[in-house]
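K.L.:
Provide a 3D model corresponding to the input given below.
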Amino acid sequence: MRDRLTVTPKQYRIVANITLGALVLIVLTGAGVRLTGSGLGCPDWPKCGGNALPPLSTHALIEFGNRAISGLVGVMTVVAAVLAYTRRPFRRDLAWLATSLPLFVLAQAVLGGFTVREHLAPGFVMAHFCLSMLALVVAVALAWRSAHQAGSRPRATDRLMVWCIRLLLPLGALTIFAGTAATAAGPHAGGSPGQRIHRLHFEGADTLNWVIHRHATIAALFGVAVVAIWFTGRRRDAGERLLEPLLVVGVLLAAQGLVGSVQYELKLPSDMVWVHVTLATVTWVALLWAVAEAGLLVPWVATVPEGEPQATASRLESVR
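P.N.:
Residues are numbered from 1 along each chain as shown. The predicted structure is shown next:
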């Protein structure tokens, strides 16, 4: 059986990329559930209305369909985990990353159950999306590492560029978090007409506008930072390998700004919000790509005075 499941590095790279695509897909279908008002189409979990199959209603079918797709994605992550151990040559880093993916899917399923039980409380819904973004961190790392042989890439020497790109990651995460808060305060609560859904209201009736403007400010700072780092990279001859993902992130952020402005003026139509969520997810993947391309830095090497033990120099090489 192990011989039958044995895969080559090229085959496993395909598996890793398919798994990444599946995890992106489930984010988009989950957003579709919310934006169609189908979040409580199945009022209980894991069953739907107490039955194994959903009733013939639009909201129930949409919600149950998302659960079914989540199950298929879970199976895909299990396959990726199993094949990581039958890949030859075996790599421990790929095995650890792949093994964690089914755990993320399981955690999402449990969190989804609590989200339904708590009638789409905003904290649970926001956590549901943020957990998906964390799963994508692992999935991108798996896909990127599977495309490179261990130790085949030299370490980076441009500390300024590497650290600038790394610092974009928390800024991007903060932008996405603010976006989830804007959705949690907006009109797309996830429920259908007649259902009472909790919303963010810490600023009263002005909560939505307050959150939207903070989200827009953070996103603008994020965009400016990406453009500034891209131009810095051009001046420092960082190379296309590093500049290409930054350019993609910048273009996606520009598209995000345009869609966000239009949807705000149009009072947040659900189809445009779905496009906004899609762009946010793809932007996050592109940002992770940029961080991966930045790579690891060469260690600092301190000059040791003549006569000092060589062990002292070894201890000073621990900082990257």
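K.L.:
ok, the residue nearest to Gly49 when sequence neighbours are not counted - how many residues close by?
P.N.:
The shortest distance from Gly49 to any non-neighbouring residue, by Cβ to Cβ, 6 or more residues apart in numbering, is to Pro55 (5.8 Å). Glycine gets a C-beta too; all of them are placed from N, C-alpha and C. Residues contacting Pro55 under the criterion other Cβ atoms under 10 Å number 13.
K.L.:
please apply the same query to Leu296.
P.N.:
11.
K.L.:
low-confidence ranges in the stretch 101-250 of the chain?
P.N.:
189-197 (pLDDT under 70).
K.L.:
which residues of it fall in helices?
P.N.:
122-146, 159-185, 207-235, 240-265 (DSSP state H, counting those that start in this stretch).
K.L.:
domain ranges for this protein?
P.N.:
Listed by automatic domain parsing, the domain ranges of the chain are 1-150, 153-320.
K.L.:
just name the most buried of these.
P.N.:
Highest mean neighbour count among the domains of the chain (mean count of other Cβ atoms under 10 Å): domain 1-150, with a mean of 18.
K.L.:
for Ala139, which non-adjacent residue is closest in space?
P.N.:
In space, Ala139 is closest to Leu20, 4.3 Å off (Cβ to Cβ, 6+ apart).
K.L.:
name all residues that make contact with the spatially closest residue to Leu142 that is not a sequence neighbour.
P.N.:
Closest residue to Leu142 apart from its sequence neighbours, by Cβ to Cβ, 6+ apart: Leu97 at 4.3 Å. Taking Cβ atoms under 8 Å, 6 or more residues apart in numbering as the contact definition, Leu97 lies against 84, 138, 141-142, 145.
K.L.:
next one, pLDDT for the nearest residue to Arg155 once chain neighbours are set aside please.
P.N.:
Leaving aside its chain neighbours, Arg155 sits nearest to Val298 (4.4 Å; criterion: Cβ to Cβ, 6+ apart). Note on Val298: pLDDT of 82.
K.L.:
I'd guessed Val298 sits against Asp158; true?
P.N.:
No: contact criterion Cβ atoms under 8 Å: Val298 and Asp158 do not qualify, at 10.0 Å.
K.L.:
secondary structure element for the residue nearest to Leu142?
P.N.:
Assigned by DSSP states H and E, Leu97 belongs to helix 92-117.
K.L.:
do the same with Arg4
P.N.:
helix 2-5.
K.L.:
before we move on, the earlier item: mind checking the SS state of the residue nearest to Ala139?
P.N.:
Classification of Leu20 by DSSP: H, G, I helix; E, B strand; the rest coil places it in helix.
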